[in-house]
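In: Sequence first, then the predicted structure, then my questions.
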Amino acid sequence: MKVLMSGNEAIARGAYEAGVRFAAAYPGTPSTEILEEFVKYEGVYAEWSTNEKVAVETAIGAALAGEKAMAVMKHVGVNVAADPIFTVSYTGTNGALVIISADDPSLHSSQNEQDNRNYAKFAKIPMLEPSDAQEARKYIKLAFKISEKFDTPVFLRSTTRVSHSKSVVSIEEPEKYKDKTGFFYNTEKYVMVPHCARLRRVEVEKRQQLLKEFVETFPENKMEINNPSVGIITAGMPYNYAKEVFPDHSYLKLGIVYPLPEKLIRDFASKVKKLYVVEELDPFLEDQIKAMGIKVIGKEIFPYTLEFDPGVIKNAIEKNAAEIVSPYKEKLSPRPPNLCPGCPHRGLFYALRKFKAYVHGDIGCYTLSYMKPLEGLHSCICMGASVGMAHGMSKALKDKGKGKVVGVIGDSTFLHSGITPLLDMSYNNSNALIIILDNSTTAMTGMQEHPGTGFTLMGEETKKVNLKVLVSALGIDNIKIIDPLDLQETRTAIKEELAKDGPSVIIAQRPCALFKRANIKAKPALKVDPDKCEGCKMCLDLNCPPISWKKGITKEGSKRKGISFIDSTICNGCGLCQQVCKYGAIS
Amino acid sequence: MGENEVQSILFAGVGGQGILRASDIICEVIMEAGLDVKKSEVHGMAQRGGCVTSHVRYGKKVYSPLAEPGKIQTLVAFEKMEALRYLKFIKNDAVIIANTEEIYPPEVNMGDVPYPQEVIAFLKKHYGKVISFNAAELAHKVGSIKTANVVLLGAISNLMNIDKSVWESVINKSFPEKLIKMNLNAFQMGINA
């Protein structure tokens, strides 16, 4: 049967067809939909783990019990999970374990564009890379077969373009699930103390040799000999881009990007005159092929940065492409993403701004507040970093930093990796203020559950962590809970907590305006009274999408040059602008 | 549209306009019609007021979900000024379908810069065929402004050699029972626009 599927839907489908019934993940674009789709299948267990490290460890545990298990994350999530990944490469997996890394060339939704193929080489774990949804379904099944056959974890690498492109997929009936779970004791294999790990280290190299032989005849490493004057070695989505513009060239399309089939590559190189390696980001294939002593053209003509498209490849190879220009020469006003109407973060950042503190940000919607006019935060590195960075800065600044260093972090992000640095703050007597922006969900990736929501990915009701009790248990004595849409309350709390010695935590609690389960009844849209508006533009400082400004509407006896308007079709009635207006013009 | 050449449609607009839904529907239609199809877009920031684009490519065999810049044959602008943003991706003789609805970007909302003037006239001057109408108004007439995306699909269907019954059957499958009639009406509005 043929269906239209995204790469992520196809990965979920393929895993299900392969008899996989166990998966763990932490949401992150572009990987999130894989588990959201997988959980819909009959008889599966799938969970949002608290972070990617926990997801991988959970999957390892299941694999050691004999399951076929899958751990899913975005590229930077693999950094969080790197610790167990490098050592499960030594122990092997007993059942089967596939780790999915969804990379993000062009940083569509990420803080960096690291090339996770490097992890495969670094951790000595084979990696498959599909080029579209049809291959994604096929390759996830092959990945599990390889994991079982070689007792190794296997990576499946996707990219944003594979995960979020849709194409026609032929689906098959799933394998019948066979319960192979049980207790498998083998301490020398699974207890990685130095003595045992040294023994396993040798096994890893033996496995590497077997895999190198295996990939030589792996059918998804495909040679297409067309015109022999030009050969292209490529993998993943760039294969499609190259085929689009050079359908007549010869290709070696690699289904496995690590380890490489050396003999096959030599054979292909001998069949073509000029050889290119087409790959996004790092010269991962190129460096290894060059190390074989094979002459190839790669990053001297192709970009290191950002994702490709067919034009990038054509222009790099043909060099004579005319620059494509738009006939429209005026500057077009940009549409940067913005906090939604009614977003609770807007109130918090509007209030916080007045204190002129250095604000460390974290990963979530609230990062969008860095832009004018809110300019709500001044740093953002990775999940959980705001807490440790605020602590470090406050320590370094000593008295100068008193009352001036803040970290802001979302509820899901705090539970992901903010707990340990907050414990560090209390342990090392920090002076910074941490604000937990608790909107009751993982909003940025599309409302996923987490330990603070009271529900699991399977839709079951569960224990809901009490943030105040948790923070208190970490040793923080100064804790306040506020509503960030109440500006006066928010300002007062920030002022009081910044003035205190020692670490403080403010929990700003208000569900995301888009969170359906919170059942927030949008209040009636607000209106500007044109007789009362003085045109001071204070409300525009909120950067709220429905609020606009019209020039030229003057008033007798007033210096105003125009007035504010509120678009009633998108106003959520949150009331922030009402609190900001000094003239009582909004109601 | 040529028989063997891969066809590319670029949808462009603003988060919340139903662009991804519309491009999903068109892909299903193309698949039902027995052709190969791929589409690509970037999720994530879309809901938060940003620009949204979706590439749809179809033909006998499609490799890339992204078209080569400068080679796109059809541009569907869900918002008027968004047409201007992607002109370098389309062919000189491309067909442009433009919703004349205006959604102001933040700088325009703040009164800092004006909204671009004479957009349709500019497009007509530089491109072969420009089909423009206010899809939001037509959608409002059939009962909900939210069906503007389906109105635009009606206009696109006139350019494609796929039987209208295939479109209608996919629309039937794409919406909850109570919304089907309204969306079929919206589709017809687009055909007649």
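Out: Sure, I can see it.
In: could you point out the longest helix in chain B?
Out: If you go by DSSP state H, chain B has its longest helix at helix B:177-192.
In: So for it, what gets flagged as buried?
Out: B:L179, B:M182, B:N183, B:L184, B:N185, B:A186, B:F187, B:Q188, B:M189, B:G190 (16 or more other CB atoms under 10 Å in any protein chain shown). (Glycine included, C-beta is placed from N, CA and C.)
In: Let me see the contact set for the fifth one.
Out: In other words, B:N185. By CB atoms under 8 Å, 6 or more residues apart in numbering or on different chains, the contact set of B:N185 is B:V142, B:G143, B:T147.
In: pLDDT of the longest helix of chain B, averaged?
Out: Averaging pLDDT along helix B:177-192 gives 97.
In: now do stretch A:211-219
Out: For stretch A:211-219, mean pLDDT rounds to 98.
In: can you list contacts of that stretch?
Out: With CB under 8 Å, 6+ apart as the criterion, stretch A:211-219 contacts A:126, A:146, A:150, A:152, A:221, A:255-256, A:259-264.
In: And the buried ones among the residues you listed, selectable in ChimeraX?
Out: Remark: buried members of the contacts of stretch A:211-219, expressed as a ChimeraX selection using 16+ other CB under 10 Å:
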select /A:126,146,150,152,221,255,256,259,260,261,262,264
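In: Can you tell me which of the contacts of stretch A:211-219 lies closest to chain B?
Out: A:G255 (15.8 Å; CB to the nearest CB).
In: who touches that closest one in this structure?
Out: Neighbours of A:G255 in contact, by CB under 8 Å, 6+ apart: A:L128, A:E129, A:P130, A:E135, A:Y139, A:L142, A:F218, A:P219, A:E220, A:N221, A:K222, A:A235.
In: quick check: longest helix of chain A.
Out: For chain A, the longest helix by residue count, based on DSSP H, is helix A:194-216.
In: could you point out which element follows it?
Out: strand A:222-224 (DSSP states H and E).
In: just so I have it, where are all the helices in the stretch 151-300 of chain A?
Out: A:160-163, A:187-190, A:194-216, A:237-245, A:262-271, A:284-291 (DSSP state H, counting those that start in this stretch).
In: Just say which of these is most tucked in.
Out: Most buried of those, by mean neighbour count (mean count of other CB atoms under 10 Å in any protein chain shown): helix A:160-163, with a mean of 30.
In: Can you show me the CA trace of it as PDB?
Out: Extracted C-alpha coordinates of helix A:160-163, given in PDB (Å, rounded to 0.1, in the frame of the first residue of the first chain):
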ATOM      1  CA  THR A 160      15.600  18.300   8.700                       C
ATOM      2  CA  ARG A 161      14.900  17.800   5.000                       C
ATOM      3  CA  VAL A 162      14.500  14.100   5.300                       C
ATOM      4  CA  SER A 163      12.500  14.200   8.600                       C
END
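In: Show residues contacting it.
Out: A:6-8, A:11, A:29-31, A:33-34, A:102-106, A:108-109, A:130-133, A:136, A:236-237, A:307, B:40, B:42, B:65-66.
In: in what helix or strand does the nearest residue to A:R560 once chain neighbours are set aside lie?
Out: Counting by CB to CB, 6 or more residues apart in numbering or on different chains, the nearest residue to A:R560 once its immediate chain neighbours are dropped is A:G535, at 3.3 Å. Following DSSP H and E, one finds A:G535 outside all helices and strands.
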